Structure formats: structure tokens, C-alpha cells
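Enquirer: Predicted coordinates and the sequence they were generated for:
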Amino acid sequence: MPTLARIKVLIGMAICLLLLAACNQDQQQQALGTVERDRIRLSATAAEVITAIHVSEGQQVSAGTPLLQLDDRLQRARVQQAKAEVARAQAYLLQLQNGARAEELASARARVDNAEARLEESEKAYRRTVTLEAKKVLGQADLDRALAQRDAARATLEDAREQLTLLVKGTRPEQLAQADAQLQAANATLALAQEQLQDLTLTATRDGRIDSLPWKLGERVNIGASLVILLAEGNPHIRAYVPESKRALLQTGQTLRVSVDGIDQEFQGQLKRIHQQPAFTPYYALTEEDRSRLMYLAEIQLGDDARHLPSGVPAQVHLK
């Protein structure tokens, strides 16, 4: 009897080993993963307070739907300032393009006439001073003063004539180009300010379902913080880990069978991509036995018949 008992124990152990081997073989023929959809993270572009949340978690939204609003009062003031700069640049460019007005030309000509009269008067006074100095009636200082007044009047006349010439000839092309460049810069600044204002209103970029709203109304967010996480609408995909022994058998575009927990129906999926590097320790740092435990992350795109599958459900990709 003891011998028979030992035989039964050995037979049981053998059966267990066979079952474990068969289970391990089945596991090698599958890639385990989950049903996933594209996760879209909408982040904060400014450190502002959340003033409104228009949606709730789990809600279906379409592209363009307003989701969340950040305080935009400061940015609106910047937009107004940028608009004022554009108006100023436009007015300056228009002024240069139109040139001098008739009233400005008349005023410049009057200044030239006045300078000519002063120069003529200074010339006469200088000549009288020369005559009187020769007769010793006036001294050398009086002569020098008269000469300086005449030269000053002559310089004033030259300046008035140059100012009149500038008005008559109009604005130089270089000045027009500079004014036009200033206007373009002001318009670019305005466009940037308006874009930053729009970014304070978060809208859905794709049709989908709100998965998470990490922040609450009234909180001040950090720049780059994820404010809304959106699961994109459409066909889901499987994120699965392929065993190292099956990696060489898979190619992009290959059709694979997929099973989802809780659903009897099998689905067809297309291998969209598979990572070249293993998900864990690099292969060159492992022994032959360790390499058998390497996994490669793969993505299998499902078809229209899988649109109803919920995200996060475990799935198995058959590799036979």
C-alpha cells in the first residue's frame, strides 16, 4: 500500500506538471492587454483661476464644445492694449503716406519768407556797422556782433528752406517701410494676444467622452496642468504585451483575433504598431532564461464592430 500511494502521488505530480506546461504554453500563445481609446489631455496655458466648468465626468461631447473656462480678464486687457498699438501704427503709416498738408506747406513757406527778411535786415545792419567802424564811430566788438547776427540769420534761412524741401518731397521710402513693419509687428502681437485669449476657453478637440476633471471650480491651476482628460470617440484599440518568443512572428498590418473578458464574441484587429524595444530590462543585460520573460508593447486596432466596448476591460490577443 505504501508503494501504491507513492505511485498515486507521482502520477498526480506528473499531471500537475503537464497542466502547468499546457497553461504556460497557452499563455505564450496570447498577448494580454486592455481595451483602450485615445486619451486627449487638455492643459492650462496660463496660471489662472477656473471660473466655469461646463461639463461633467462621463458626459459625451462633440468637437468644439466648451468644456472649461479660465479667468480671462487680464488677457482681455492685453488684447485691448494690442489693438491700441495697431491703431497707432496704422495712423502713423497713413500720416507718412499722405504727406504734408497744405497748411503745413504754407507755414513752412512763411517761415522761409520770415528768415529771408531777417537775413536782409541783418545784411544791412552789418554793412552799416562796417561803415561806422571804419569811421571809428563803433568799435570792433560791434562789428563782430553784427557779423554773428548776419551769419545766424543766414543759417536760419537755410534751415527753413530745408524743412520746406522735406515737406515738398514727402516721406522717404525707407520711412514708409519702417512704418509698415511696425504695423505688421503690432498686428502679429494682437493675433498672439487673441490666440492666448481663446486658449483660456478649453474646447473639445474631438468627439468623445469626458474621462476626468482633476481640478475644481475656483482653483488656480498651474501652467501645463491637465484640466480635462477626454476619451476620443471611435473604434477602440488593444494595448497588449507580446511575449518575447512571439515577437519575431508579428508584423505591422497583420490581422489578429481578440477576445474581451465578459464577451463571447471574438473580434478582428489589425496590428497597428509594436515597439522595437522591450518594455522591461534591455535584452543585452539578460540571460537566455530571463529573455523569455521580456514583453513588447503592441497596439491592435479594432473595427467598427468593437465601437461599443468599454475602455479598460481586459483583453487577450491570440498569437497562433
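Expert: Thanks, I have it. Numbering: from 1, shown residues only.

Enquirer: Just after the helix or strand hosting residue 181, pick out the following helix or strand.
Expert: Using DSSP states H and E, residue 181 sits within helix 173-199. Following helix 173-199 in sequence order, the next helix or strand is strand 201-203 (DSSP H and E).

Enquirer: The helix holding residue 181: how far from the chain's middle?
Expert: 18 Å (CA atoms, centre = their mean, to the nearest Å).

Enquirer: helices or strands next to that helix in the packing?
Expert: Here helix 173-199 touches helix 73-98, going by 3 or more CB pairs under 8 Å, 6 or more residues apart in numbering; DSSP states H and E. C-betas here are computed from N, CA, C, even on glycine.

Enquirer: and the gap between the closest residue to residue 299 other than its chain neighbours and residue 257?
Expert: Leaving aside its chain neighbours, residue 299 sits nearest to residue 272 (4.7 Å; criterion: CB to CB, 6 or more residues apart in numbering). Going from residue 272 to residue 257 by CB to CB, to the nearest Å gives 15 Å.

Enquirer: Please report how far residue 106 lies from residue 112.
Expert: 11 Å.

Enquirer: cool, residue 316 as well?
Expert: 97 Å.

Enquirer: Contacts only, for residue 274.
Expert: When contacts are counted by CB atoms under 8 Å, 6 or more residues apart in numbering, residue 274 touches 242, 247, 250, 252, 296, 297, 298, 299.

Enquirer: what pairs with it across the strands?
Expert: In this entry, residue 274 is beta-bridged to residue 298, by DSSP bridges.

Enquirer: Got the confidence number for it?
Expert: Note for residue 274: predicted pLDDT of 90.

Enquirer: what does the one 4 residues further on give?
Expert: As predicted, residue 278 sits at a pLDDT of 79.

Enquirer: Check residue 150 too.
Expert: pLDDT, residue 150: 88.

Enquirer: Verify the stated contact: it with residue 121.
Expert: No: judged on CB atoms under 8 Å, residue 150 makes no contact with residue 121 at a distance of 9.2 Å.

Enquirer: between these two, who's got more neighbours?
Expert: Set residue 150 next to residue 121 and count neighbours by other CB atoms under 10 Å: residue 150 wins out with 21 against 13.

Enquirer: Name the residue most distant from the centre of the chain?
Expert: In the chain, counting by CA atoms, centre = their mean, residue 135 sits farthest out from the average C-alpha position, at 86.7 Å.

Enquirer: Next up, phi/psi of that one, please.
Expert: Main-chain torsions, residue 135, degrees, to the nearest 10: phi -90, psi 0.

Enquirer: Distance-wise, check it relative to residue 129.
Expert: Taken as CB to CB, the span from residue 135 to residue 129 is 11 Å.

Enquirer: ok so, going back, what's the spacing between the residue farthest from the centre of the chain and residue 128?
Expert: In terms of CB to CB, residue 135 sits 11 Å off from residue 128.

Enquirer: show me where pLDDT drops low in the protein?
Expert: Within the chain, the segments meeting pLDDT under 70 span 1-28, 99-101, 167-171, 280-292.

Enquirer: what residues go with each domain of it?
Expert: By the assignment in automatic domain parsing, the chain contains the domains 29-37+234-318, 42-71+201-232, 78-194.

Enquirer: Quick one: end-to-end distance for the last one.
Expert: Right, domain 78-194. 9 Å (CA to CA, to the nearest Å).
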